[in-house]
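Engineer: task: produce atomic coordinates for the following.
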Amino acid sequence: MLTKLSEEKVFKDPVHHSIYVQDPTIWKLINTPEFQRLRRIRQLGTSYLTFHGAEHSRFSHSLGVYEITRKIISQFERNGYGDWPQGEKLLSLCASLLHDVGHGPFSHSLEQIFGTDHEDWTCKVVLGATEINRVLREADSRLPEQVAAVIRKKYEKPIVVSLVSSQLDADRMDYLLRDAYFTGVNYGTFDLDRILRVLRPFQGKIVVKDSGMHAVEDYLMSRYQMYWQVYFHPVTRSSEILLRQIFRRASELLSSGYAFSFMLEPIRALLTGSVTLEQYMKLDEAMAQTAFGQWAEEKDELLSDLCRRFLDRRLYKYAPLTEEDGEWLRDVRHQWQSIGLDPSYHMEVDTPEDSPYDVYKPGAHPGGKEKPPILLLDKREELTEISVQSDIIRSIAGLHRGKYYIYYPEERILPHARFLSAETRSRLSI
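Structural biologist: Residues are numbered from 1 along each chain as shown. Prediction:
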């Protein structure tokens, strides 16, 4: 049973105006070292190099997800919806608050580099020897395992999982609004209050009252626009490429026995794949940026150049490609070698299809990665997948517009332009 703080705590927030904390367990979790660490992890990875306002943190996002979940549950309770399991409130609030606690520096970018999964690390934090685990166990000995089950999407009551992880969940609703606010774009705005009013618990799922279909259309269109205009932005992809190359070069040097003049143990462990939970909790963007600043002075010219590029925002230029450009790309690699460049570092082909963000997909497969679709509930208490009713959503559902680009250091190529083929000079606008 939920208890209450003697005095309600309030966080002022630019997206939700106020975030309210009434439960002592939630307040204690917010004040753990593991959760406070999220202040030092940017929400949008390297996007701050594209959108200068994108400096917001996983800490503020996590509070926002908690607040949306709190509002949804309060709406269910006020209206006396019998399909909402009353005893799941604290678990739902804890899982919403903690869902991103396993993120590392630069968020999803780090996952792509090292093949890690922030949800796995979140479960390690929740179940390990941490302050978060202690606070959860203090509230209920079963709570750590239950929170981990929600994060893994294996909790026995899917309605609790869907609050945090579905096509219309508190996580997505907060990060769309928050990311739009801090990047300065209008694409991510939608009527959150209206959506919260039309959500219903029904037959173990969270569904949408059919009169709210147009509010959900607005949400999905905002999501679609944010993906292509912000999350898949080619300049952000360029900065992510440099980040990957920095860590790849550092790993190569470390495995070859190179003597670094500066190396922090948590980063060494990360590079060698031996990082412990204690070391992982020390990793943040301040530590990574400190390492890059020191590595910019290393004797290895490639690592030094990559770090300086990242820190000084001298990103690789890019040009569009098609899937039929394979033969030309093979020729470009030979041209790069002929002018003294390393094609494995000074040329990269990239497409956003590997991004953790996706557009709405109406289908879902049990046990698969696809999240359950959005269902509309009509007056006859019958459910319909939303794209069946909405022409707008049907037109964008599952679309993949990922563009291919070649990335390269323009200033390293310009002095040797005369040695490149006419096609290459034309394609790269040199």
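
Engineer: quick check: phi and psi on residue 405?
Structural biologist: phi -140, psi 150 (degrees, to the nearest 10).

Engineer: residues near it, how many?
Structural biologist: For residue 405, the neighbour count with other C-beta atoms under 10 Å is 21. For every residue, glycine as well, the C-beta is placed using N, CA and C.

Engineer: which parts of the protein are strands?
Structural biologist: Under the criterion DSSP state E, the chain contains strands at 9-13, 17-21, 199-202, 205-209, 317-321, 348-350, 375-377, 383-385, 404-408.

Engineer: quick check: which of the ones you listed is nearest to residue 114?
Structural biologist: Nearest of these to residue 114, taken as C-beta to C-beta: strand 348-350 at 17.5 Å.

Engineer: strands paired with that closest one, and their directions?
Structural biologist: Applying DSSP bridges to the sheet, strand 348-350 is found paired with strand 404-408 (antiparallel).

Engineer: and the angle for the strand it pairs with with strand 317-321?
Structural biologist: Here the directions of strand 404-408 and strand 317-321 differ by 150 degrees (axes from the mean of the first three to the mean of the last three C-alpha atoms, to 10 degrees).

Engineer: what does strand 404-408 rub up against?
Structural biologist: Outside strand 404-408, the residues that touch it by C-beta atoms under 8 Å, 6 or more residues apart in numbering are 234, 237-238, 241, 316-323, 325, 329, 332, 346-351, 428.

Engineer: how far does that strand sit from the chain's center?
Structural biologist: 23 Å (C-alpha atoms, centre = their mean, to the nearest Å).

Engineer: measure the residue sitting nearest the centre point of the chain to residue 290 for me?
Structural biologist: Closest residue to the average C-alpha location of the chain: residue 108 at 5.1 Å, with C-alpha atoms, centre = their mean. Applying C-beta to C-beta, to the nearest Å, the value for residue 108 to residue 290 is 21 Å.

Engineer: who touches residue 217 in this structure?
Structural biologist: 390, 392-393.

Engineer: identify, from those residues, the entry nearest to residue 152.
Structural biologist: residue 393 (28.6 Å).

Engineer: what's the closest non-adjacent residue to the closest one?
Structural biologist: With sequence-adjacent residues excluded and distances taken as C-beta to C-beta, 6 or more residues apart in numbering, residue 393 is closest to residue 387, at 4.5 Å.

Engineer: so for that neighbour, what's the pLDDT?
Structural biologist: On the pLDDT scale, residue 387 is placed at 91.

Engineer: that one touches residue 362, doesn't it?
Structural biologist: Yes. Using C-beta atoms under 8 Å, residue 387 is in contact with residue 362, at 4.5 Å.

Engineer: identify the contacts common to the two.
Structural biologist: Listed as contacting both residue 387 and residue 362 by C-beta under 8 Å, 6+ apart are 373, 393, 397.

Engineer: between these, which is closest to residue 65?
Structural biologist: Taking the shared contacts of residue 387 and residue 362 together and measuring to residue 65 by C-beta to C-beta, the closest member is residue 373, at 20.8 Å.

Engineer: was I right to think the closest one contacts residue 362?
Structural biologist: Yes. Counting by C-beta under 8 Å, residue 373 does reach residue 362; the two are 4.9 Å apart.

Engineer: between those two, tell me which one has more neighbours.
Structural biologist: Using other C-beta under 10 Å as the criterion, residue 373 and residue 362 rank with residue 373 on top: 19 against 16.
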